[in-house]
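# Generate coordinates for the sequence data below:
(chains A and B)
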Amino acid sequence: MENHDQRFEEFLREFEPSRPQALREVLAPTQWNWQRLAAAAIVIIACGSGFWFAGSHHASSPASEQSTAQAVPVTLVMSAAYLQRLALEDPAQFDAALAAAAQTTLPRFDGPHSALGLLAKD
Amino acid sequence: MTPNKLAPETVRQLYERHGPALLAYARSFAADRSQAEDAVQQVFLKLLRGETETPDAPLAYLYRAVRNTALNSRRTTKRDASFDTAERWFSHSGGNQEAALALQSSLAELPDEQREVVIMRIWSGLTLNEIATATGAPLNTVASRYRYALEKLRERLKPYRTSGATEN
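Coordinates of the predicted model:
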């Protein structure tokens, strides 16, 4: 009888239950962090380009040009490191920081020497 | 007493090894396949995120949790389990899809407690002792359920068995 059952069990094992989908949601947080990092990088590059472009067209005194040239890279490097750390460790604060940075560091496009303003005129 | 939480790698291995059997198990309680998939995924994701503490017997926990989650989903949607013949729970290694469909409908006809024992034993590889622990039923009861289930399945699947595998 046992052998009888074993053979039938073997027959049943010829059938394979269909596989469920991969646990893809589990991978999402990692992908999500990379997406946030990429977004942060784009914002930083955009800010940097804006500052650089505005600075290169700025018709101000040599002293003010020098101070801008020194100040901008330091701010950007600190922002990048800070934002990267936030993106990895605390996504909620990262969002808040990005929103705050957008208020203060994105280039103005309505100023007299704005790079985007100049481009818009062209 | 420290909380017993499974390592992510262990959870993934459990999913690889027992996911298919758990899906077939969930399918017999859920209204449809997507609800069954959701039930299995929810249970494993909770484990991965450390949202739940697991007892000493993870498989027993998984079967209970999948069953409860599938039943809750079915209650929420107020739909009974329906068995669409176009849907495949099983595939046959020899390509006999007619037999796979017959197995599916035969399993669906079994009482829950018999179907549970068969799936745990055949596709998750649990011993009858382990099933007794998992279900909380006495070993003799589990053995009887298994025996009855096999008898019914044997009868239903007789036309699909190859001559070499058929016993007399």
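# which residues of chain B fall in strands?
In chain B, the strands defined using DSSP state E lie at B:90-92.
# near chain B, which residues of chain A show up?
A:3-5, A:7-21, A:23, A:25-26 (C-beta under 8 Å from any C-beta of the partner chain). Every C-beta, even on glycine, is put in place using the N, C-alpha and C of the backbone.
# swap the cut-off to 7 Å and go again
With C-beta under 7 Å from any C-beta of the partner chain as the criterion, chain A meets chain B at residues A:4-5, A:7-9, A:11-21, A:23, A:25-26.
# of those, buried ones?
Applying 16 or more other C-beta atoms under 10 Å in any protein chain shown to these, the neighbour count classes A:7-8, A:11-12, A:14-18, A:20, A:23, A:26 as buried.
# which residues sit in contact with the residue of chain A found nearest chain B?
Residue nearest to chain B within chain A: A:Pro17 (3.9 Å; C-beta to the nearest C-beta). A:Pro17 sits next to B:20-21, B:23-24, B:89-90, B:123 when contact means C-beta atoms under 7 Å, 6 or more residues apart in numbering or on different chains.
# and chain A, which of the residues you listed contact it?
Within the contacts of A:Pro17, those near chain A by C-beta under 7 Å from any C-beta are B:20-21, B:23-24, B:89-90, B:123.
# Take those residues and write them to CSV, including pLDDT, distance to A:Ala81 and neighbour count.
Shown next, in CSV, are those (pLDDT from 0 to 100; distance: C-beta to C-beta, whole Å; neighbours: other C-beta atoms under 10 Å in any protein chain shown):
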residue, pLDDT, distance to A:Ala81, neighbour count
B:Pro20, 94, 46, 21
B:Ala21, 93, 48, 24
B:Leu23, 93, 45, 25
B:Ala24, 90, 50, 27
B:Trp89, 83, 52, 24
B:Phe90, 88, 54, 21
B:Trp123, 94, 51, 21
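# Cross those residues against helices and list the overlap.
B:20-21, B:23-24 (DSSP state H).
# Which of those lies at the shortest distance from B:Gly136?
Ranked by distance to B:Gly136 (C-beta to C-beta), these are led by B:Ala21 at 19.0 Å.
# I'd assumed B:Ser124 was in contact with the closest one.
Yes. Contact status for B:Ala21 versus B:Ser124: in contact at 4.4 Å, counting by C-beta atoms under 7 Å.
# Output the ones in helices among the ones next to chain A among the contacts of A:Pro17 in TSV, with distance to A:Ala80 appended to each entry.
Listed next are these as TSV, based on distance: C-beta to C-beta, whole Å:
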residue	distance to A:Ala80
B:Pro20	46
B:Ala21	49
B:Leu23	45
B:Ala24	50
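# Quickly note the distance from the residue positioned nearest the centre of chain B to chain A.
The residue lying closest to the centre of chain B (C-alpha atoms, centre = their mean) is B:Tyr25, at 2.7 Å. To chain A, B:Tyr25 is 9 Å away according to C-beta to the nearest C-beta, to the nearest Å.
# which one is A:Leu12 nearest to, not counting chain neighbours?
Leaving aside its sequence neighbours, A:Leu12 sits nearest to B:Ile122 (C-beta to C-beta, 6 or more residues apart in numbering or on different chains; 4.8 Å).
# Give me the number of neighbouring residues for the one you found.
Other residues near B:Ile122 come to 23 when the count uses other C-beta atoms under 10 Å in any protein chain shown.
# Quick check: which ranges of chain A have low pLDDT?
Within chain A, the set of residues satisfying pLDDT under 70 comprises A:1-3, A:24-36, A:55-79, A:103-122.
# Which stretches in it count as strands?
Using DSSP E, strands in chain A cover A:15-17.
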